[in-house]
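Engineer: Next come a sequence and a model predicted from it.
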Amino acid sequence: MNIKEVLKEMDHLSYEGGDHVEIRGITNDSRKINKNDLFVAIKGFTDDGHKYIEKALENGASAVICETIPENVRGKGNFILVESARKSMAEAANIIYGRPSEKMNITGVTGTNGKTSTTYLLKGIYDYLGEKSGIIGTMGVLIEGKKLKVDNTTPESFDIQHYLAMMLEKGISHCCMEVSSHALELNRIDEVKIDVGIFTNVTRDHLDFHVTMENYYQAKKKLFHLTRVNNIINVDDPYGLRLYRELNEEGVRAISIGIENDADIKASNLKTSMKGTTFDLNVFGTKKTAHVNTPGKFSVLNSLGALGAAYALGVNLDDIIEALKEIKGVTGRFEILPNKLGCTIILDFAHTPDGLQKVMETIDEFAQGRKIVMFGAGGERDLSRRAPMGEVAGRYCDLTILTSDNPRFEDPYEICEEIAEGVKKSGGQYKIIVERDRAIYYAIDKSREKDVILLAGKSTEPYQDMGYEKVPYDETMLAKRAIKEVEKKRGLLS
């Protein structure tokens, strides 16, 4: 693409450079520049991309989007001057990749908990219908069964446009996207044409970035003013109820979902077992019976979000209900690991006080033996949620095992001690085992008949964030290995 085509369609202050400049891609990382890429110089929280313009040009960048032109590179390249490099990066990426979101159905899911499960449930509905769909989210980018790793829940704007273009090339007509509060604040989904927005909940999280819960809520709210078709709002959540009322007052379309509160799409009479939850479903007055294969209220609410989005996009209600019966569940989300130990071992991503409580409430519905939980808390992230997580664990569990979870530059033992204050407050028993693989083995080795063991927090996250390194990590593999070792130790393997 010639730079004149980009300049013609994007807002900019001025351009300094030649007319015959080819643009093939776009990035804000000077180390990842390919020949004829457009480099975007972003002023970040700890660094300034303008310092790397010279390196980007040396690596083959054909032009640069920037807010100022440093003197050391003036006259050495082609420069597009803009007010906001972040906003312009999203705009340029959309142009370069051919505006892919305009040719697909995009559903954006935001909330503290439940985003991943909701996107996979929605994809499961489309799979059942035989319609091709993809996912962008915490567990990576899923395109025709192939998973690409991503660093953030919602990638940078140029990556999003690239992934959407890749999906379009494969004939994918639906994309289910997790939309984080960071992405909404940092312009990552600018220029993405979103058809339906889903709100799962808002609980205390990311206050290291947003500072206040009000800022966090307002960041989430931005999504629902971007949608073209409708919004699906969980009104059982206090922030969701507020959001639904505000959207109605502002003339923005919204469909309410809920279990406890009155809603356009409502579930009632839930019957839960380890095999899932059956419930009565009322969709705008039409009454049905539905089933999801993951137990618990939180699972039903996630399924209502996916159901609402598909329904808003014209999918037949009976087809959605049949699809939900077939969907086996999401890897790493209340995933029950098979074993011969006579206990239930669950892998889940719960990493906030509210998320942990919802999982524990579900376990309470079928638990017959002791309840054991293993988890940690991230270093350099919202310290105020550590003790509350410990309090939840202590209140629900017979034993809490505290361990490492992305300690970054903090001492993991000290993080565990902070969580332990909450466990002690609610009178629970706890043990600190910093090495996470040892903590997993200890939890499983101490199991008895009918115990329920919850391994929480990491789930499918493929690394431990330690210091400057992201150390490869696989909780599923470690848990399965520990199960086999304990089975062998107890003479249960043939």
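Structural biologist: Ah, there it is.

Engineer: From here on, just use CA atoms for contacts and neighbour counts.
Structural biologist: Fine.

Engineer: all helices for the stretch 251-400 of the chain, in order.
Structural biologist: 297-312, 317-326, 353-364, 386-396 (DSSP state H, counting those that start in this stretch).

Engineer: Could you give the number of residues near residue 126?
Structural biologist: 21 (other Cα atoms under 10 Å).

Engineer: shouldn't it be in contact with residue 120?
Structural biologist: No - under the criterion of Cα atoms under 8 Å, residue 126 is not in contact with residue 120, lying 9.9 Å apart.

Engineer: Look through this protein and report the residue furthest from the middle.
Structural biologist: residue 75 (42.7 Å; Cα atoms, centre = their mean).

Engineer: Is that one part of a helix or strand, or is it coil?
Structural biologist: coil (DSSP: H, G, I helix; E, B strand; the rest coil).

Engineer: how close does it get to residue 490?
Structural biologist: 73 Å (Cα to Cα, to the nearest Å).

Engineer: Kindly report the same for residue 420.
Structural biologist: Residue 420 is 31 Å from residue 490, by Cα to Cα.

Engineer: which of these two has more neighbours?
Structural biologist: Legend: neighbour count by other Cα under 10 Å for residue 420 and residue 490, higher for residue 420 (27 against 12).

Engineer: which stretch of helix or strand covers the more buried one?
Structural biologist: helix 412-425 (DSSP states H and E).

Engineer: Redo the helices of the stretch 251-400 of the chain as JSON lines? Include mean pLDDT and distance to residue 341.
Structural biologist: Formatted as JSON lines, the helices of the stretch 251-400 of the chain follow (pLDDT from 0 to 100; distance: least, Cα to Cα, whole Å):
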{"stretch": "helix 297-312", "mean pLDDT": "97", "distance to residue 341": "26"}
{"stretch": "helix 317-326", "mean pLDDT": "97", "distance to residue 341": "28"}
{"stretch": "helix 353-364", "mean pLDDT": "92", "distance to residue 341": "18"}
{"stretch": "helix 386-396", "mean pLDDT": "96", "distance to residue 341": "22"}
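
Engineer: now those helices in a markdown table, with mean neighbour count?
Structural biologist: As requested, the helices of the stretch 251-400 of the chain are exported to a markdown table (neighbours: other Cα atoms under 10 Å):
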| stretch | mean neighbour count |
| --- | --- |
| helix 297-312 | 24 |
| helix 317-326 | 17 |
| helix 353-364 | 20 |
| helix 386-396 | 25 |
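
Engineer: Turn the ones you listed into JSON lines, including distance to residue 227.
Structural biologist: Below are the helices of the stretch 251-400 of the chain laid out as JSON lines (distance: least, Cα to Cα, whole Å):
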{"stretch": "helix 297-312", "distance to residue 227": "12"}
{"stretch": "helix 317-326", "distance to residue 227": "22"}
{"stretch": "helix 353-364", "distance to residue 227": "27"}
{"stretch": "helix 386-396", "distance to residue 227": "34"}
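
Engineer: Show me the one of those that comes nearest residue 483.
Structural biologist: The closest approach between residue 483 and any of the helices of the stretch 251-400 of the chain, judged by Cα to Cα, belongs to helix 353-364 at 20.1 Å.

Engineer: residues in contact with that closest one?
Structural biologist: 113, 203-204, 295-298, 334, 350, 385, 388-389, 392-393, 396, 452, 456 (Cα atoms under 8 Å, 6 or more residues apart in numbering).

Engineer: one step back: out of the helices of the stretch 251-400 of the chain, which is closest to residue 289?
Structural biologist: The nearest among these, by Cα to Cα, is helix 317-326 at 8.2 Å.

Engineer: list the contacts for the nearest residue to residue 398 once chain neighbours are set aside?
Structural biologist: Excluding its sequence neighbours, the residue lying closest to residue 398 (Cα to Cα, 6 or more residues apart in numbering) is residue 371, at 5.4 Å. Taking Cα under 8 Å, 6+ apart as the contact definition, residue 371 lies against 396, 397, 398, 399, 451, 452, 453, 454.

Engineer: Which of those residues has the largest number of neighbours?
Structural biologist: Going by other Cα under 10 Å, residue 454 tops the contacts of residue 371 with 29 neighbours.

Engineer: Report the residue spans of this protein with pLDDT below the cut-off.
Structural biologist: The model of the chain has pLDDT under 70 over residues 204-210.

Engineer: tell me the domain boundaries of it?
Structural biologist: Listed domain ranges for the chain are 3-96, 100-326, 335-489 (source: automatic domain parsing).

Engineer: can you tell me the distance between the two ends of stretch 317-337?
Structural biologist: 32 Å.

Engineer: Just give me how far it sits from the chain centre.
Structural biologist: Between the centre of stretch 317-337 and the centre of its chain there are 18 Å (Cα atoms, centre = their mean, to the nearest Å).

Engineer: Equivalent analysis for stretch 177-189, please.
Structural biologist: 10 Å.

Engineer: for stretch 38-47, same thing?
Structural biologist: 24 Å.

Engineer: For it, list the C-alpha coordinates in PDB.
Structural biologist: The C-alpha trace of stretch 38-47 is given here as PDB (Å, rounded to 0.1, in the frame of the first residue of the first chain):
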ATOM      1  CA  LEU A  38       5.200   1.700   9.500                       C
ATOM      2  CA  PHE A  39       6.700   2.300  12.900                       C
ATOM      3  CA  VAL A  40       4.500   4.000  15.600                       C
ATOM      4  CA  ALA A  41       6.400   5.900  18.400                       C
ATOM      5  CA  ILE A  42       4.300   5.600  21.500                       C
ATOM      6  CA  LYS A  43       4.900   7.600  24.700                       C
ATOM      7  CA  GLY A  44       4.300   4.900  27.400                       C
ATOM      8  CA  PHE A  45       4.200   4.900  31.100                       C
ATOM      9  CA  THR A  46       7.900   4.000  31.600                       C
ATOM     10  CA  ASP A  47       9.400   4.500  28.200                       C
END
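
Engineer: for it, which positions count as buried?
Structural biologist: 38, 39, 40, 41, 42, 43 (16 or more other Cα atoms under 10 Å).

Engineer: now do stretch 116-136
Structural biologist: 116-126, 128, 132-136.

Engineer: What of stretch 211-226?
Structural biologist: 216, 217, 219, 220, 221, 223, 224, 225, 226.

Engineer: Residues contacting it, please?
Structural biologist: Outside stretch 211-226, the residues that reach it (Cα under 8 Å, 6+ apart) are 108, 110-111, 180-182, 184-185, 193-194, 197, 202, 204, 206-207, 210, 231, 239, 243, 252.

Engineer: do stretch 263-283 as well
Structural biologist: Contacts of stretch 263-283 (Cα under 8 Å, 6+ apart): 235, 255-259, 284, 287-297, 300, 304, 308, 365-366.

Engineer: go on, stretch 487-494?
Structural biologist: So stretch 487-494 is contacted by 339, 340, 341 (Cα under 8 Å, 6+ apart).

Engineer: and if you look at stretch 411-423?
Structural biologist: Here stretch 411-423 has contacts from 376-377, 379, 386-395, 400, 402-405, 407, 429-430, 432, 434, using Cα under 8 Å, 6+ apart.

Engineer: For residue 46, what is the enclosing helix or strand?
Structural biologist: Counting by DSSP H and E, residue 46 is found in no helix or strand.

Engineer: Pull the contacting residues for residue 40.
Structural biologist: Counting by Cα under 8 Å, 6+ apart, residue 40 touches 26, 27, 28, 29, 49, 64, 65, 66, 85, 89.

Engineer: can you check residue 337 too?
Structural biologist: With contacts defined as Cα under 8 Å, 6+ apart, residue 337 is in contact with 344, 345, 346, 347, 480.

Engineer: Spit out the contact partners of the second one.
Structural biologist: Read that as residue 345. Counted by Cα under 8 Å, 6+ apart, residue 345 has contacts 336, 337, 338, 339, 452, 453, 454, 455.
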